[in-house]
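>>> here is the input, now give the coordinates:
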Amino acid sequence: MQTLVRFLMKKYIAMVCVTALFSHSGYAGNDARISGPLNVNNRAVLAKIKKDNPVHYQKIIHILSKVDTKSVEEAQCWMKVEFGAENIGFQDLFMLSYPPKKRLDFQLDASSYTAVITLRSNMPSIRFLKYQPQCE
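Presented below is the predicted three-dimensional model:
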């Protein structure tokens, strides 16, 4: 009986998590009334922004092309000064991933945007060390 209860609880928790994930994804199919932040990782959403607000589209493309090489403080300052972005959030995702990823949230005028950014600046690299004998 306890194994059945555990099984059902796991299924219920998984269903709640999936429902929460899709309800906050920022894309509502063909519905013109999209609520919450727009997920700019979604090509359909990005195409709609390009058509409806080309100025925001240009800013978003520029932000997405450069933000992955900046630290949190640099990204926040750069986005605020360069693009007038507000409510900037640039935090690590709570997951293990390789390469590392961060979630970027920002607001341009009255529109809120979100994206998952794959970091290039924190990528490990192989460095060969030269052997230097120690002289005594």
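>>> packing partners of the helix or strand hosting residue 55?
Using DSSP states H and E, residue 55 maps to helix 54-66. Where contact means 3 or more C-beta pairs under 8 Å, 6 or more residues apart in numbering; DSSP states H and E, helix 54-66 is packed against helix 43-52, helix 72-83, strand 101-108, strand 111-118. C-betas here are computed from N, CA, C, even on glycine.
>>> report the helix or strand with the lowest average pLDDT across this protein.
Lowest by mean pLDDT, DSSP states H and E among the helices and strands of the chain is helix 2-23, with a mean of 59.
>>> just after that helix, pick out the following helix or strand.
strand 38-39.
>>> residue contacts, residue 60?
By C-beta atoms under 8 Å, 6 or more residues apart in numbering, the contact list for residue 60 reads 40, 46, 49, 108, 113.
>>> redo that, cut-off 6 Å
Applying C-beta atoms under 6 Å, 6 or more residues apart in numbering to residue 60 gives the contacts residue 40.
>>> for residue 49, same thing?
56, 57.
>>> repeat for residue 108
Neighbouring residues of residue 108 by C-beta under 6 Å, 6+ apart: 56, 85.
>>> can you tell me how far it is from residue 73?
Distance, residue 108 to residue 73, using C-beta to C-beta, to the nearest Å: 20 Å.
>>> ok, residue 85 next?
Residue 85 is 14 Å from residue 73, by C-beta to C-beta.
>>> between the two, which one's more packed in?
residue 85 (22 against 9; other C-beta atoms under 10 Å).
>>> may I have the phi/psi pair for the more buried one?
Dihedral angles of residue 85 (phi, psi; degrees, to the nearest 10) stand at phi -70, psi 150.
>>> if I look at it, how far off is residue 109?
10 Å.
>>> over to residue 100?
Taken as C-beta to C-beta, the span from residue 100 to residue 109 is 30 Å.
>>> residue 47 now?
19 Å.
>>> identify each buried residue in the helix holding residue 55, please.
56, 57, 59, 60, 63, 64 (16 or more other C-beta atoms under 10 Å).
>>> run through the protein and note the low-pLDDT ranges.
Counting by pLDDT under 70, the chain shows low-confidence ranges at 1-2, 4-35, 94-97, 121-136.
>>> how about 90 then?
1-36, 64-75, 89-103, 110, 116-136 (pLDDT under 90).
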